Each structure stands twice: as structure tokens, then as C-alpha cells.
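In: fold the following.
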Amino acid sequence: MVKKKEEQPGFEEALKKLEAIVEKLEDPDVSLEESIELYEEGVELSRYCSESLEEAVLRIEKINEKSESESGTDQ
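Out: Residues are numbered from 1 along each chain as shown. Have a look, this model is predicted:
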């Protein structure tokens with residue numbers, strides 16, 4: 001159940017949901033079926049957060065490269 005990009009939560013919201021899932025999974029009263037569903041959702045959120053961070057790093061690197069090329073400074 002992969003959501004379309006426009007339906008994806010922001011990074012911070014996804015991270016909060018992921019933290020809530022971890023808390024629920026630590027509850028011994030959660031059923032096996034619910035645990036599996038929570039785990040699956042957590043994996044998707046984790047993947048989304050990782051991809052978001054990767055995209056942010058690439059954007060920052062591009063900004064830095066552009067800034068360095070405009071200033072004429074190679075470091």
C-alpha cells in the first residue's frame with residue numbers, strides 16, 4: 001500500500017508516526033496480526049524517511065556545488 005507522493009506525510013510527521021509505531025510494538029498486549037501490520041507500516045515509513053533524507057542531502061550538495069562554482073572557489 002504505497003501512497004502517491006502528494007499523499008505522503010512530511011518528513012517530521014512520518015518520523016512521529018514511526019515513533020508511535022515503535023511504542024505500540026513495545027506493548028505486550030498488541031496482537032500478532034496488529035504487530036505485523038504495524039511493522040509493515042513502519043518499514044514503509046522508514047523507507048520514506050530514508051529517501052527524504054537522501055533527497056535533502058543531494059539538494060544540499062547541489063546548492064553547495066552551485067555556490068562554489070559561482071564564487072570560483074574550489075575546495
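
In: helices and strands around the longest helix seen in the chain, which ones?
Out: Ordering each helix of the chain by length in residues (DSSP state H) puts helix 32-71 first. The elements that helix 32-71 packs onto, with contact taken as 3 or more CB pairs under 8 Å, 6 or more residues apart in numbering; DSSP states H and E, are helix 11-25. In short, each C-beta sits where N, CA and C put it, glycine included.

In: averaged pLDDT, the helix it packs on. What do you get?
Out: Helix 11-25 carries an average pLDDT of 97.

In: again, but for stretch 59-75
Out: Rounded mean pLDDT across stretch 59-75 is 83.

In: now do stretch 32-40
Out: pLDDT averaged over stretch 32-40 gives 97.

In: what residue is smack in the middle of the protein?
Out: Centroid check for the chain by CA atoms, centre = their mean gives residue 49 as the closest residue, at 0.7 Å.

In: ok, and the closest non-adjacent residue to that one?
Out: Among residues not flanking residue 49 along the chain, residue 14 sits closest, at 5.4 Å (CB to CB, 6 or more residues apart in numbering).

In: what's the distance between that neighbour and residue 7?
Out: Here residue 14 is placed at a distance of 12 Å from residue 7 (CB to CB, to the nearest Å).

In: which of those two has more neighbours?
Out: residue 14 (18 against 7; other CB atoms under 10 Å).

In: noted, bye for now.
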